[in-house]
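S.K.: Pasting the sequence and the predicted model now:
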Amino acid sequence: MNLINYADSALSLLPPAVAIVLAVFTRKVLLSLGVGIIIGALLLTDFNLANTASFIGDTATGLVWDDGALNAWNLNILGFLVLLGMITALISVSGSSRAFADWAKERIRNKRDAKLMTMVLGCAVFIDDYFNSLVVGSISRPITDRYHISRAKLAYLLDSTAAPVCVISPISSWGAYIIALIGGILTAHGFADTGHLTIFMQMIPMNFYAIFALLLLLCVAMFTLDVGPMRQHEQNAQKGELYDESKGMPPGATADLPEADTGKISGLFVPILVLIAATVFFMISSGADALAADNKPFSVLGAFENTDVAQSLLYGGLVGFVVTFILAFVQKVAFNMIAKGMLMGAKSMLPAIYILLFAWSIAGVIGQLETGKYMASLATGNIPFELLPAVLFLLAGLTAFSTGTSWGTFGIMLPIAADMAMGSDSTMMLPMLSAVLAGAVFGDHCSPISDTTILSSTGASCHHLDHVWTQLPYAVIVALISIAGYIVLGFTSSVLFGLATASVLFVISVLVLKAKSNAQ
């Protein structure tokens, strides 16, 4: 079937815009995504209903069967979600979550410590954003619940230590992907003198959004800076309502699970540590196999660049599940409790799986519409050179917001940023590439159709749109600070001046937020 091209048309923005607006007003995520998918399919097929139905059917089928084979990436991610749900439920059934909460009560004495613990764990588990949000959420939730920290605040803690950490960490799935992309771009433009890893490290101070998102998160944890809708969620949590119970159980949550009295702390720490170690092992192993297949020498960075993330998550999840299952028996948990935990854990992930499937579907439709290319084309007008870093940040943010993908935005916007730098001032190459990386993470943080936003909600067991709304003010504050920094950087060609400007604005913003919080 012939599909209409919308790469040069603002109509390519219609499906994501409708989906996002509907989600905001109806708060029904699946309905909103479904309407966006249908509108996109109608546009692509020129409103031919038979072709529209066929296209939607092909899109749905492609989620599990693609190019004559199983869609391994999607199925592995879904399998990992189910396994993690069962692991979390088994840890709870064995009484280990309660034992950990009791143990932590003697060492983590207040809400601030609980939030700082979550942030530290989020920064430490930096190998992949999916893994970060889901695993750190499982560890932290018993503690944040005990100290009446809302699930929305936990989701913010998870999301803001996932992508911002991964995007500036070279030894991560994100870092390896970015290094590979940037390496190819710079080589194509004649920048082959400096190692690609060195260039990536040089770009870290230029990623204003990642830096200040992490710093703002630290201040929120330290000073209880509750902004906008987050304040109401935190007030409700003080009354014992950790999430909006009127909306039912959020993804990842289990109700009425029995807990054994024989729980031990090791029942939580051992499975999680095994899960992390096994996943890292399989990431390096699959990357090493890919390097060997291409007759390339092994390196850790090269392994991460070529790793199969989804497969590694699934295999790591299987190992973690087996260990959790065995420990439950060792702790003498009754088999009927184990069976119920496994069933309830798997079922608890179904809401997240449904949303993720719809999000992947609309991402496929948006890809066919070439929404990203249309957004990128907006950068090719007569824009003053000094404003280009700030403009690229904004366009990358809008592209990631509209498409729901940071990685897709990197692939589209980084080559354009490089071409623009070469056409104006090649010394601004790295700042402009950094602005794209920063903007993509910002857009991803704000987008309700982003898979990382969905999985952060799942890791926190928070309703999806509650997370989107409560995180949005913090993301916008950091984005405004970043834009100011990029404007100064553009006019002065100095990263130091741009960073200093953003730092001053950050301090002012924190003082203002602290004053408002104290006045409440």
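M.R.: Right, received. Where do you want to start? These figures come from a predicted structure and were not determined experimentally. Numbering: from 1, shown residues only.

S.K.: and Leu63, how many residues sit next to it?
M.R.: The number of residues packed near Leu63 is 17, by other Cβ atoms under 10 Å. To be clear about C-beta, it is placed using only N, CA and C from the backbone, and glycine gets the same treatment.

S.K.: My read is that Val391 contacts Ile383, right?
M.R.: Yes. When contacts are counted by Cβ atoms under 8 Å, Val391 is listed as touching Ile383 (5.4 Å).

S.K.: Settle it for me: which of these two has more neighbours?
M.R.: Using other Cβ under 10 Å as the criterion, Val391 and Ile383 rank with Val391 on top: 23 against 16.

S.K.: check which helix or strand covers that one.
M.R.: Per DSSP states H and E, Val391 falls inside helix 388-403.

S.K.: Please compute how far that helix lies from its chain's middle.
M.R.: Offset of helix 388-403 from its chain centre (Cα atoms, centre = their mean, to the nearest Å): 17 Å.

S.K.: Give the buried residues for it.
M.R.: Of all the residues in helix 388-403, those buried under the rule 16 or more other Cβ atoms under 10 Å are 388-403.

S.K.: Alpha carbons only: can I get whichever helix or strand comes after that helix in PDB?
M.R.: Counting by DSSP H and E, the next helix or strand C-terminal to helix 388-403 is helix 406-422. Output of helix 406-422 as PDB, limited to C-alpha atoms (Å, rounded to 0.1, in the frame of the first residue of the first chain):
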ATOM      1  CA  SER A 406      14.900  10.600  22.700                       C
ATOM      2  CA  TRP A 407      16.900   8.100  20.700                       C
ATOM      3  CA  GLY A 408      14.900   8.800  17.500                       C
ATOM      4  CA  THR A 409      15.400  12.500  18.100                       C
ATOM      5  CA  PHE A 410      19.100  12.000  18.400                       C
ATOM      6  CA  GLY A 411      19.200  10.200  15.100                       C
ATOM      7  CA  ILE A 412      17.200  12.900  13.300                       C
ATOM      8  CA  MET A 413      18.500  16.100  14.900                       C
ATOM      9  CA  LEU A 414      22.300  15.400  15.500                       C
ATOM     10  CA  PRO A 415      23.200  15.200  11.800                       C
ATOM     11  CA  ILE A 416      21.200  18.400  11.200                       C
ATOM     12  CA  ALA A 417      23.000  20.200  14.100                       C
ATOM     13  CA  ALA A 418      26.400  19.100  12.700                       C
ATOM     14  CA  ASP A 419      25.500  20.400   9.200                       C
ATOM     15  CA  MET A 420      24.400  23.800  10.700                       C
ATOM     16  CA  ALA A 421      27.600  24.100  12.700                       C
ATOM     17  CA  MET A 422      29.700  23.300   9.600                       C
END
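
S.K.: Now do the next helix or strand after helix 406-422: distance to the chain's middle.
M.R.: Per DSSP H and E, the first helix or strand lying C-terminal to helix 406-422 is helix 429-446. Chain-centre distance of helix 429-446: 14 Å, with Cα atoms, centre = their mean.

S.K.: Compute the inter-axis angle for helix 429-446 and helix 388-403.
M.R.: Counting by axes from the mean of the first three to the mean of the last three Cα atoms, to 10 degrees, helix 429-446 points 30 degrees away from the direction of helix 388-403.

S.K.: Next secondary structure after helix 429-446?
M.R.: Heading C-terminal from helix 429-446 (DSSP H and E), you reach helix 451-460.

S.K.: by contact count, what packs against that next one?
M.R.: For helix 451-460, the contact count by 3 or more Cβ pairs under 8 Å, 6 or more residues apart in numbering; DSSP states H and E identifies helix 129-146, helix 151-159, helix 350-369, helix 429-446, helix 464-492 as packing neighbours.

S.K.: Any chance of TSV for those, columns distance to Ile38, mean neighbour count and mean pLDDT?
M.R.: Converted to TSV, the helices and strands packed on helix 451-460 look like this (distance: least, Cβ to Cβ, whole Å; neighbours: other Cβ atoms under 10 Å; pLDDT from 0 to 100):
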stretch	distance to Ile38	mean neighbour count	mean pLDDT
helix 129-146	28	25	86
helix 151-159	29	30	95
helix 350-369	9	21	89
helix 429-446	24	29	94
helix 464-492	20	23	96
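
S.K.: so which of those gets nearest Thr409?
M.R.: The closest of those to Thr409 is helix 429-446. By Cβ to Cβ, the value is 4.0 Å.

S.K.: Hmm, Phe131 and Thr279 touching each other?
M.R.: Yes. Here Thr279 reaches Phe131: they are 6.2 Å apart, a contact under Cβ under 8 Å.

S.K.: can you list residues touching both of the two?
M.R.: Shared contacts of Thr279 and Phe131 (Cβ atoms under 8 Å, 6 or more residues apart in numbering): Leu313.

S.K.: hmm, who's touching the host helix or strand of Ala114?
M.R.: Element membership for Ala114 (DSSP H and E) is helix 111-124. When contacts are defined by Cβ under 8 Å, 6+ apart, helix 111-124 is touched by residues 104, 108, 132, 136, 139-140, 143-144, 146-149, 153-154, 157-158, 160-162, 165, 214, 217-218, 220-222, 224.

S.K.: check contacts around the spatially most central residue of the chain.
M.R.: For the chain, the residue sitting closest to the mean C-alpha position, by Cα atoms, centre = their mean, is Thr452 at 2.8 Å. Thr452 sits next to 129-130, 133, 159, 162-163, 406, 444 when contact means Cβ under 8 Å, 6+ apart.

S.K.: Out of these, which two are the most distant from each other?
M.R.: Pairwise distances across the contacts of Thr452 (Cβ to Cβ) peak at 13.6 Å, for the pair Ser133 and Ser406.

S.K.: Point out where the stretch 251-400 of the chain drops to low pLDDT.
M.R.: 254-256, 379-382 (pLDDT under 70).

S.K.: Likewise for the stretch 51-200 of the chain?
M.R.: 192-195.

S.K.: can you give me the helices for the stretch 1-150 of the chain?
M.R.: All helices of the stretch 1-150 of the chain, identified by DSSP state H, counting those that start in this stretch, fall at 14-26, 29-44, 49-62, 72-93, 96-105, 111-124, 129-146.

S.K.: Could you dump those into a markdown table with distance to Ser173 added?
M.R.: Shown next, in a markdown table, are the helices of the stretch 1-150 of the chain (distance: least, Cβ to Cβ, whole Å):
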| stretch | distance to Ser173 |
| --- | --- |
| helix 14-26 | 25 |
| helix 29-44 | 25 |
| helix 49-62 | 23 |
| helix 72-93 | 12 |
| helix 96-105 | 28 |
| helix 111-124 | 16 |
| helix 129-146 | 8 |
